[in-house]
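1. Any chance you could fold what I've pasted below:
(one chain, ligands or ions: 1)
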Amino acid sequence: MKHLKWGILGTGMIAARFAQGLASTDQATALAVGSRSLEKGNRFAVEHGLERAYGSYEEMLADNDVDAVYIALPNDMHMEWSIRCARAEKHILCEKPVTVNAGELEKVLAVVKEEDVFFMEAFMYRCHPQWQKMREIIDAGTIGEVRILESAFAYNMGMNLENIRMSNPAAGGGLMDVGCYCVSFCRMAARAEPVECRAVGYIGPESRVDEQATGVLKFPSGAVAFFTCATRCGVPSMANIYGSKGSITVSNPWFPSDDNAVLTVHADGKTETYDIRYGRDLYANEALTVAAHLDERQTPAMSWEDSLGQMRTLDALRADMGLVFDVEEK
Ligand SMILES: NC(=O)c1ccc[n+]([C@@H]2O[C@H](COP(=O)([O-])OP(=O)(O)OC[C@H]3O[C@@H](n4cnc5c(N)ncnc54)[C@H](OP(=O)(O)O)[C@@H]3O)[C@@H](O)[C@H]2O)c1
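-> Predicted coordinates for the structure are as follows:
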């Protein structure tokens, strides 16, 4: 596995978390950070032990020692910077949702293929082995046919219109920020793309994005899924799979950790638990997943086709909800 030297675009919340993750492994290095402000970049580099800081994103992309770039920018910037990274011949791990819509992702993938670089949507939760175990349990027929999926990812950040999550120009909102995890989980567990997508959401008059929403999906097998997401109302995280013969409950679907990553399987009148500990930081694991699959240019954890299906589903849900982003109206 190649030891990748990472460059990080952005100095926000998740950029810091990723840098902390990389600091926990000696199999990858956080080498550089690019910020709109050199002062912020320098502060970030000192805080997280990075060797280099740049006062613009372009300068960081010009650093020949950077192998791979982690794009930790607002959603509306993902397409532009994925394309610029690919043109600079950098491998790419781009935060979720990978673009604003499926059309944007198609443009990114065309350049990724042309430049022959790695590309992955940064759904770190997908890289955790608990999902491999879930698939094995389903494939073994333990819970029978998958029929109903339920999930939730919702938090209450109050009314903060400065935050990118509360911003229509930044393509924010609950669906794009956290509902996308639920959508991605349902599609993964159903192993198919939905044939029907419905959503209702409250679109705030000030934020002009969904602040609480619920969505329903139907899959070709007949399985149905419902999920809840919000930015202004907390709901316990959950991901449950109900089949014709039993069920699987995932204790910690979105941030599985060594303290809490348990699958509980009810079937045939028995209950079995699987405690999936693997001793790695979630974000370090994501970076190492990139390195392990670098030559394939994509990962089974979140392939290009998977991201396309994901963005098409989010597009359909937003259309049903009546949520259009400013960048789409230009
Ligand atoms: N996978 C996960 O666990 C996870 C968790 C949270 C967020 N995310 C995703 O990561 C991305 C960033 O989220 P975040 O929470 O880190 O956001 P954030 O704290 O607001 O940071 C975003 C960074 O982007 C840069 N930026 C460039 N133009 C900006 C603008 N117009 N407004 C605000 N920031 C701008 C800023 O860095 P400079 O000023 O230094 O250039 C800023 O620090 C989003 O796509 C989000 O969906 C993923």
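
2. Find the least confident helix or strand in the chain, judged by mean pLDDT.
-> When each helix and strand of the chain is scored by mean pLDDT, DSSP states H and E, helix 326-329 comes last, with a mean of 94.

3. is the ligand contacted by that helix?
-> No. Judged by Cβ under 6 Å from any ligand atom, helix 326-329 and the ligand are separated, with a smallest distance of 12.2 Å. Backbone N, C-alpha and C define where each C-beta goes, glycine included.

4. mind listing what Arg87 touches?
-> Counting by Cβ atoms under 8 Å, 6 or more residues apart in numbering, Arg87 touches Val111, Glu115.

5. count of neighbours near the residue of the stretch 51-200 of the chain found nearest the ligand?
-> Nearest residue of the stretch 51-200 of the chain to the ligand (Cβ to the nearest ligand atom) works out as Glu95 at 3.5 Å. Other residues within reach of Glu95, judged by other Cβ atoms under 10 Å, total 23.

6. quick thing: my sequence starts at 8, can you match it?
-> Happy to do that; since the first residue is 8 now, the last one works out to Glu102.

7. Pretty sure it sits against Phe130.
-> No. With contacts counted by Cβ atoms under 8 Å, Glu102 stays clear of Phe130, the gap being 9.2 Å.

8. all helices for the stretch 58-207 of the chain, in order.
-> Counting by DSSP state H, counting those that start in this stretch, the stretch 58-207 of the chain has helices at residues 64-68, 85-94, 109-122, 137-146, 181, 187-197.

9. could those go into JSON lines alongside mean pLDDT?
-> Formatted as JSON lines, the helices of the stretch 58-207 of the chain follow (pLDDT from 0 to 100):
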{"stretch": "helix 64-68", "mean pLDDT": "98"}
{"stretch": "helix 85-94", "mean pLDDT": "98"}
{"stretch": "helix 109-122", "mean pLDDT": "98"}
{"stretch": "helix 137-146", "mean pLDDT": "97"}
{"stretch": "helix 181", "mean pLDDT": "98"}
{"stretch": "helix 187-197", "mean pLDDT": "98"}
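
10. Deepest-packed of the ones you listed, please.
-> Mean neighbour counts were compared across these using mean count of other Cβ atoms under 10 Å; the top stretch is helix 181, at a mean of 29.

11. Looking at the helices of the stretch 58-207 of the chain, which is nearest to Val272?
-> Closest approach to Val272 among the helices of the stretch 58-207 of the chain (Cβ to Cβ): helix 137-146, 5.9 Å.

12. Using a markdown table, please lay out the helices of the stretch 58-207 of the chain together with distance to Ala274.
-> Output for these, formatted as a markdown table (distance: least, Cβ to Cβ, whole Å):
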| stretch | distance to Ala274 |
| --- | --- |
| helix 64-68 | 50 |
| helix 85-94 | 40 |
| helix 109-122 | 37 |
| helix 137-146 | 9 |
| helix 181 | 33 |
| helix 187-197 | 16 |
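
13. I'd like these written out as TSV, with distance to the ligand added.
-> Shown next, in TSV, are the helices of the stretch 58-207 of the chain (distance: least, Cβ to the nearest ligand atom, whole Å):
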stretch	distance to the ligand
helix 64-68	7
helix 85-94	7
helix 109-122	13
helix 137-146	15
helix 181	11
helix 187-197	8
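
14. Which one of these lies nearest to Gly329?
-> helix 181 (14.3 Å).

15. Pull the residues that contact that closest one.
-> Residues contacting helix 181 (Cβ under 8 Å, 6+ apart): Ala161, Arg172, Gly208, Val216, Asp217, Glu218, Gln219, Ala220, Cys236, Ala237, Thr238.

16. in this structure, what residue is nearest the ligand?
-> For the chain, Cβ to the nearest ligand atom, closest residue to the ligand: Gly19, 1.8 Å.

17. Next, the contact list for the nearest residue to that residue once chain neighbours are set aside, please.
-> In this structure, Gly19 finds its nearest non-sequential neighbour in Ala79, 6.1 Å apart by Cβ to Cβ, 6 or more residues apart in numbering. Contacts for Ala79 (Cβ under 8 Å, 6+ apart) come out as Ile15, Leu16, Gly17, Gly19, Ile21, Ala22, Phe25, Glu102.

18. Ala79 and Leu100, how far apart?
-> Ala79 is 9 Å from Leu100, where distance means Cβ to Cβ, to the nearest Å.

19. And Gly211, by the same measure?
-> Counting by Cβ to Cβ - Gly211 and Leu100 are separated by 31 Å.

20. higher neighbour count, these two?
-> The neighbour count for Gly211 versus Leu100, taken as other Cβ under 10 Å, is higher for Leu100 (28 against 18).

21. Just to check, that one is in contact with Ala75?
-> Yes. In terms of Cβ under 8 Å, Leu100 counts as a neighbour of Ala75; the distance is 6.5 Å.
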